[in-house]
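Participant: Any chance you can model this:
(chains A and B)
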Amino acid sequence: MKKSTLYKGSLQTILLKLLQENKRMYGYEITQQVKKITSNEINITEGALYPTLHKLEAEGFLEVEIERVDNRLRKYYKLTDAGQVETNNKVLELSNFIKNLQTLVRVEKKLTI
Amino acid sequence: MKINDCNYPIHCITNNQIDQLYHFTRKHFVEYYDLQTELVDHLALGIEQQWEDNSQLSFDDALKIEFKKFGVYGFSDIVEKRKMEMQKQYHKFVWQHFKDFFTIPKLFFTCSLISILTIILMNLSAIASTIIMALACAVFFAIVFISVKKQIHKKDNGSKRWLMQEIISTYGGAAGLWFIPFQLIFQFRNIFDINNIFILSFFSTFIICWILYSYIMMFVIPKKAESYLNSVYPEYKYA
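Facilitator: Numbers count the residues shown, from 1 in each chain, chains lettered A, B, ... in the order given. Have a look, this model is predicted:
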């Protein structure tokens, strides 16, 4: 299975968690921060990032701030109150998923011995 | 978190290059200023980052490298998904106004309209009802068609295009909605023969709801377009 397929379903959780830990971020900053934290293991493509950010914004989990930086406008994303709640839910979901997966993998290992 | 240090002008995107980036996004089918601005900033940051690593790289080459990161479809996926989300948001606005017609005091007005239409249908012959309803739909459809055509053919005078503004002007792409009464009338024209108050009331309710929804899209939302645009686009004040 391709690595990207494993991470595909977690993109919203990754973005929400990152924004929870940082007051606000812009798109390019998010991609760089993820690369840095995971030592280039996870590379969020631009084609996946912006649709996900826009979807979260449309659903009311993110709000937007605009600032003039250098000679252009920059769009920052930050969590709304609903976004904070959603982040906690999604992180819990993912933790449970990882726990279950680990249990399954351990069971598999036992069977092969 | 500051990605790039723009203390040294040679490593920074110039105003002219920003314009070139806007032109680049337009050339690649990003027609809306809101989306262009976000992508321009992203491309600019990527190019500046490349110049940090290799200051000899030309602007055009750096841009090609950055654009490749968007994949084979370029910006089109981002544009399409943004359109979908904006249309959903637009219909949320319409729905909020629509719900008002079913709360006091507007509920009395809505119920009156339904009652009046039901009484009219009960007292007209089946043929007369069908003809009147079909004519009313045809006139309404003509008004909508002309109005939407006018919006689409408005010349681009070089001013910025906003996706939500376009959705408001073209009524959220709800062209399919306009055909529903036609289909109803010709599929179920026999109900005018039945003269049953419950069936006619149900039919009248549907037609009135359709009229109210259309009224909101054609008149209510466009009147408040400026306030909706300001709420959706914080960058609108910079335009």
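Participant: switch to C-alpha atoms for all contacts and neighbour counts from now on
Facilitator: Noted.
Participant: list the contacts for residue B:221?
Facilitator: Applying C-alpha atoms under 8 Å, 6 or more residues apart in numbering or on different chains to residue B:221 gives the contacts B:93, B:94, B:168.
Participant: That one and residue B:104: what is the separation?
Facilitator: 21 Å (C-alpha to C-alpha, to the nearest Å).
Participant: again with residue A:79
Facilitator: 35 Å.
Participant: Which residues of chain B lie near chain A?
Facilitator: B:1, B:3, B:14-15, B:18, B:37-38, B:41-42, B:45-46, B:69-71, B:74-75, B:77-78, B:81-82, B:85-86, B:89, B:234-235 (C-alpha under 8 Å from any C-alpha of the partner chain).
Participant: Just the buried residues out of these, in ChimeraX syntax.
Facilitator: A single ChimeraX command selects the buried members of the residues of chain B next to chain A (16 or more other C-alpha atoms under 10 Å in any protein chain shown):
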select /B:18,37,38,41,42,45,46,70,74,75,77,78,81,82,85,86,89,234,235
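Participant: Give me the subset of the residues of chain B next to chain A that lies in helices.
Facilitator: B:15, B:18, B:37-38, B:41-42, B:45-46, B:77-78, B:81-82, B:85-86, B:89 (DSSP state H).
Participant: element containing the residue of chain B positioned farthest from its centre?
Facilitator: Going by C-alpha atoms, centre = their mean, the residue of chain B most distant from its centre is residue B:56, 43.8 Å out. Under the criterion DSSP states H and E, no helix or strand holds residue B:56.
Participant: ditto for residue A:78
Facilitator: Take DSSP H and E as the rule and residue A:78 turns out to sit in strand A:72-79.
Participant: What pairs with that strand, parallel or antiparallel?
Facilitator: strand A:25-26 (antiparallel), strand A:62-69 (antiparallel) (DSSP bridges).
Participant: need the residues of chain A near chain B, please.
Facilitator: Contact residues, chain A versus chain B (C-alpha under 8 Å from any C-alpha): A:27-29, A:45-47, A:50-51, A:54-55, A:58, A:64-66, A:71-75.
Participant: follow-up on the earlier one: compute the inter-axis angle for the helix or strand just after the strand holding residue A:78 and strand A:72-79.
Facilitator: Next helix or strand after strand A:72-79 toward the C-terminus (DSSP H and E): helix A:81-112. For helix A:81-112 against strand A:72-79, the angle by axes from the mean of the first three to the mean of the last three C-alpha atoms, to 10 degrees is 70 degrees.
Participant: Quick one: list the elements packing against helix A:81-112.
Facilitator: helix A:11-21 (3 or more C-alpha pairs under 8 Å, 6 or more residues apart in numbering or on different chains; DSSP states H and E).
Participant: pLDDT wise, what is the closest residue to residue A:44 other than its chain neighbours at?
Facilitator: Distances taken as C-alpha to C-alpha, 6 or more residues apart in numbering or on different chains place residue A:31 nearest to residue A:44, at 5.8 Å, with adjacent residues excluded. You'll see residue A:31 listed with a pLDDT of 94.
Participant: Give me the pLDDT value at the most centrally placed residue in chain A.
Facilitator: Computing the C-alpha centroid of chain A and ranking residues by C-alpha atoms, centre = their mean puts residue A:14 first, at 1.7 Å. Per-residue confidence (pLDDT) for residue A:14: 93.
Participant: residue contacts, it?
Facilitator: Here residue A:14 is in contact with no residue (C-alpha under 8 Å, 6+ apart).
Participant: Likewise for residue B:14?
Facilitator: Here residue B:14 is in contact with residue A:71 (criterion: C-alpha under 8 Å, 6+ apart).
Participant: Over to the one 4 residues further on?
Facilitator: With contacts taken as C-alpha under 8 Å, 6+ apart, residue B:18 has the following neighbours: A:71, A:72, B:40, B:44.
Participant: Likewise for residue B:148?
Facilitator: Going by C-alpha under 8 Å, 6+ apart, the list of residues near residue B:148 reads B:169, B:170, B:171.
Participant: For the lengthiest helix in chain B, what does the pLDDT average out to?
Facilitator: Identified as the longest helix of chain B according to DSSP H is helix B:126-152. Mean pLDDT, helix B:126-152: 74.
Participant: buried stuff in it?
Facilitator: B:126, B:129, B:130, B:133, B:134, B:137, B:138, B:141, B:144, B:148.
Participant: Please apply the same query to stretch B:214-232.
Facilitator: By neighbour count with 16+ other C-alpha under 10 Å, stretch B:214-232 contains the buried residues B:214, B:216, B:217, B:218, B:221, B:222, B:228, B:229, B:232.
Participant: Could you work out the end-to-end span of it for me?
Facilitator: 22 Å.
Participant: From what I see, residue B:200 and residue B:121 are in contact.
Facilitator: Yes - Residue B:200 lies in contact with residue B:121 (C-alpha atoms under 8 Å); the separation is 7.1 Å.
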